[in-house]
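Q: Okay, predicted coordinates and the sequence, questions at the end:
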Amino acid sequence: KSGPGAVAQASRQLVAALLLLRHEDPGPGAGPSKAETEALSKMQKKPVFVLGTSRETGRVLLKEILEQALFSKVTLIGRRKLTFEEEPYKNVNQEVVDFEKLDDYASAFQGHDVGFCCLGTTRAKAGVVGFVRVDRDYVLRSAELAKPGGCKHFSLLSSKRADKSSSFLYLQVKGEVEAKAEELKFERYSVFRPGALLCDRQESHPGEWFVRNSWASGHSVPVATVVRAMLNNAVTPRDKKMELLENKAIHDLGKADGSLKP
């Protein structure tokens, strides 16, 4: 159904979505600029893939993408199919892949303009070999398949102090992936380097006051803030091909005092 009424309604929905991402009070007659509305409109016509939705950040990212209806098609790429009962998830496309044989699943990465990678594990969970395999090999190969698959904007969740020259394995691996993915020359490449990620379980810890009210806030960030930063970044046009967002920039772009809850 089309016509002036439908167009006006669509415009109002776009304005509402952008303001929700910013967590601003629209106020009487307030709204985003024409350029911002156009950018969001274009975004809603683009398909997106998300890697790592079994992790906290990926899960919250997916939830917000669906609630805001930010993309025309949402594809999850993972090692197993996830079960969802909520209505917004019914149209989510799921591609189950074997990360050890990713080349056999190149089709899973085709046809997406935007890609978010939140894939990762820990040494405690997977051991040294498993950690390197997931955080370096799986992530990098996914990026290598996404580029020829049509991905124009690739967003990578990395870590504070990531450095390929670091003597610490975790930071070294993160830095290596950042550098190798940059060599792929995406039209737009955004790297997010958050500090310690805080979710509900961590925020209820007795030391929460210390994290929130001291110098430690410069070394940590709520998952919800990271998600807002990633999405606000995605819907905002940028001139830079490569963007490196450190913890403070993530706090600023994600507006940590907003109302979004994971």
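A: Ah, there it is.
Q: Residue ranges in the stretch 151-262 of the chain under the pLDDT threshold?
A: The stretch 151-262 of the chain contains residues with pLDDT under 70 at 200-217, 256-262.
Q: So which residues of it form helices?
A: For the stretch 151-262 of the chain, the helices defined by DSSP state H, counting those that start in this stretch occupy 169-182, 200-203, 208-213, 223-234, 247-254.
Q: tally of neighbours for K185?
A: For K185, the count of nearby residues is 10 (other Cβ atoms under 10 Å). No exception for glycine: its C-beta is placed from N, CA and C like everyone else's.
Q: Tell me who's in contact with it.
A: 147, 241 (Cβ atoms under 8 Å, 6 or more residues apart in numbering).
Q: measure the closest residue to E246 other than its chain neighbours to S72 for me?
A: Spatial nearest neighbour of E246, chain neighbours left out: R193 (5.1 Å); criterion: Cβ to Cβ, 6 or more residues apart in numbering. Note on R193: its distance to S72, by Cβ to Cβ, to the nearest Å, is 29 Å.
Q: Those two: which has the busier surroundings?
A: Each of R193 and S72 has its neighbours counted (other Cβ under 10 Å); R193 has more, 21 against 12.
Q: pretty sure that one is touching K248, no?
A: No. Look at R193 against K248 with Cβ atoms under 8 Å: they stay out of range, at 10.0 Å.
Q: Check the gap between P237 and R188 for me.
A: For P237, the distance to R188 (Cβ to Cβ) stands at 9 Å.
Q: about what we covered before: which of the helices of the stretch 151-262 of the chain has the highest mean neighbour count?
A: Mean neighbour count (mean count of other Cβ atoms under 10 Å) peaks for helix 223-234 among those, with a mean of 24.
Q: name the helices or strands packed onto that one?
A: Judged by 3 or more Cβ pairs under 8 Å, 6 or more residues apart in numbering; DSSP states H and E, the packing partners of helix 223-234 are helix 4-22, helix 56-68, strand 114-117, strand 153-157, strand 188-192, strand 196-198, strand 242-245, helix 247-254.
Q: what angle do the last one and helix 223-234 make?
A: The directions of helix 247-254 and helix 223-234 differ by 70 degrees, with axes from the mean of the first three to the mean of the last three Cα atoms, to 10 degrees as the criterion.
Q: Show me what helix 247-254 is packed against.
A: Short answer (3+ Cβ pairs under 8 Å, 6+ apart): helix 247-254 packs on strand 220-222, helix 223-234.
Q: re earlier: looking at P237 and R188, which one has more neighbours?
A: It is R188, of P237 and R188, that has more neighbours when counted by other Cβ under 10 Å, with 19 against 11.
Q: wait, isn't that one in contact with K241?
A: Yes. In this structure, R188 is within contact of K241 by Cβ under 8 Å, at 6.0 Å.
Q: Going by neighbour count, list what's buried in stretch 122-136.
A: 131-136 (16 or more other Cβ atoms under 10 Å).
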